[in-house]
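Undergrad: Need coordinates for the below:
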Amino acid sequence: MVQTTQDAGNCLFFSWERAFSGKIKSSEQVRATEILDPVAVKGYVSEDNFERLRRAELLAKKYGVSVPQITLCWLFRRGLDCCAVVSSTKAENFAANVAALDVPLTEQDADYLDLKENV
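TA: Residues are numbered from 1 along each chain as shown. Modelled structure (predicted):
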């Protein structure tokens with residue numbers, strides 16, 4: 001769904017904290033360049049990725065969940081050879097991460113996030 005900021009062999013590292021936590025909105029591309037580190041800007045700040053974020057915001061509203069939950073659900077369902085490494089300092093954040101497994105994201109939704117669908 002998003003370009004990686006670094007590639008270390010078979011391990012992909014994402015700038016999760018700001019890019020996927022809901023701290024940046026799809027309408028804030030300029031702000032993203034101001035608050036993200038240069039590596040994250042290079043890997044994340046693109047028209048396609050902000051379109052993906054806009055679509056994730058729409059799906060989050062549709063399903064009544066957060067953008068991070070949409071992102072985690074997409075990752076869990078794509079069959080990628082990777083895993084999400086998340087941390088939570090609050091029990092409710094941990095519970096929200098686990099609840100992402102229950103988001104009823106469809107294959108069409110996933111294709112929409114992958115920019116394959118224009119729905």
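
Undergrad: And the most centrally placed residue in the chain, which helix or strand is it part of?
TA: Taking Cα atoms, centre = their mean, the centroid of the chain lies closest to T71, which sits 3.8 Å from it. Assessed by DSSP states H and E, T71 sits inside helix 67-77.

Undergrad: What residues of the helix or strand hosting A32 count as buried?
TA: Assigned by DSSP H and E, A32 belongs to helix 29-35. Of all the residues in helix 29-35, those buried under the rule 16 or more other Cβ atoms under 10 Å are A32. C-betas here are computed from N, CA, C, even on glycine.

Undergrad: Please enumerate the strands of the protein.
TA: Secondary structure of the chain (DSSP state E): strands at 6-8, 11-13.

Undergrad: My guess is D48 contacts L115. True?
TA: Yes: here D48 reaches L115: they are 6.2 Å apart, a contact under Cβ atoms under 8 Å.

Undergrad: circling back to that earlier point, how near is the residue nearest to the centre of the chain to A56?
TA: Per Cβ to Cβ, to the nearest Å, T71 is found 6 Å from A56.

Undergrad: cool, and E92?
TA: From E92 to A56 the distance is 21 Å (Cβ to Cβ).

Undergrad: Of those two, give the one with the bigger neighbour count.
TA: It is A56, of E92 and A56, that has more neighbours when counted by other Cβ atoms under 10 Å, with 26 against 8.

Undergrad: so how far is A91 from the more buried one?
TA: From A56 over to A91 the distance is 24 Å, taken as Cβ to Cβ.
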